[in-house]
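Colleague: predicted model and sequence follow; I will ask about them next.
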Amino acid sequence: MKVHTSPNATVTETKNGYLLKMPAGDSSNYRLAQMDDYHGLARRKFPHQSLTLSLRARTSSSAIPGTWGFGLWNDPFGMSLGFGGSRFRLPMLPNAVWFFGASNENHLSFSDKPAHGFLAQSFRSPKFHPSLIPAGLTLPFSPKTTRKIMSSIIAEDSSALGVDVTQWHSYKLEWSPSRAAWYVDEDRVFESPVSPNPPLGLVIWIDNQYAAFTPEGKISFGVLESREEWLEIENLELQNP
């Protein structure tokens, strides 16, 4: 696992795990504390074809401004050079499966699925689809049409989880080619046939970023003012079938 942080953010090793902390600040700067196992790799070399992820976690707040979570994705946006010399990647459609925390400014769904809060969430997308061309052409003129096209290309599933994330809980994520399942304190809280296309990389993060593509066609993104916030994890275990 490699560590990436913005200035004054930290990832600190604890007795049984790690504390990821982003400092207080206004809405003029991006703040990130992240661990991942794909840093420096091309997407085709991301390490996981399937995985069972287990850990315990808690957060500083139930309403962290921005996003946080743990799981797997294909780093689809890739437009930033990133912190610590992360390699440049062209943007792609999302493939992801994770426990995802998103503040109310976010709207991360192309359909009618839960789009913010604490979610069990998955996305499956092809590497390329012919409809992407008209989607790109219509975006400046009709975001609602673009969103409709994207919803026909990207399969997604999610469920809002009624968990007090400020308290310690055990989380497990099972990802295989045919399904994904999420567990909290050994109880299966969600299961879905929407399984992302591999390969994917493991990511654990907290940041002050938001993004929204609402059903009304409104697109917004940026960074948020926040106090000091943190995500603490322990007993991290990875099992490959």
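Modeller: Arrived safely, thanks for sending. Please read all numbers here as calculations on a predicted model, not as lab measurements. Residues are numbered from 1 along each chain as shown.
Colleague: remind me, longest strand of this protein?
Modeller: Scanning the chain for the strand with the most residues, using DSSP state E, yields strand 229-239.
Colleague: can you pull the buried residues of that strand?
Modeller: Within strand 229-239, the residues scored as buried using 16 or more other C-beta atoms under 10 Å are Glu229, Trp230, Leu231, Glu232, Ile233, Glu234, Leu236. Backbone N, C-alpha and C define where each C-beta goes, glycine included.
Colleague: now swap in stretch 175-195 and tell me
Modeller: Trp175, Ala180, Ala181, Trp182, Tyr183, Val184, Val189, Phe190, Ser192, Val194, Ser195.
Colleague: check which helix or strand covers the fourth one.
Modeller: For Trp182, the element it lies in under DSSP states H and E is strand 180-184.
Colleague: helices along the protein, start to end?
Modeller: 132-138, 143-153 (DSSP state H).
Colleague: least reliable of the ones you listed by average pLDDT, please.
Modeller: Sorting the helices of the chain by mean pLDDT places helix 132-138 lowest, at a mean of 43.
Colleague: quick one: low-confidence parts of this structure?
Modeller: 78-91, 128-143 (pLDDT under 70).
Colleague: quick one: residues contacting the residue nearest in space to the middle of it.
Modeller: For the chain, the residue lying nearest the average C-alpha position, counting by C-alpha atoms, centre = their mean, turns out to be Phe100 (5.7 Å). Contacts for Phe100 (C-beta atoms under 8 Å, 6 or more residues apart in numbering) come out as Thr67, Gly69, Gly71, Leu108, Phe118, Leu119, Ala120, Gln121, Ser158.
Colleague: can you rerun that using 7 Å?
Modeller: Neighbouring residues of Phe100 by C-beta atoms under 7 Å, 6 or more residues apart in numbering: Thr67, Gly69, Leu119, Gln121.
Colleague: Val163 and Gly117 touch, don't they?
Modeller: No - with contact defined as C-beta atoms under 7 Å, Val163 and Gly117 do not form a contacting pair (10.0 Å).
Colleague: now the residue nearest to Phe123 when sequence neighbours are not counted: how far from Ile233?
Modeller: Using C-beta to C-beta, 6 or more residues apart in numbering and skipping residues adjacent in sequence, the residue nearest Phe123 is Pro94, 4.3 Å away. To Ile233, Pro94 is 23 Å away according to C-beta to C-beta, to the nearest Å.
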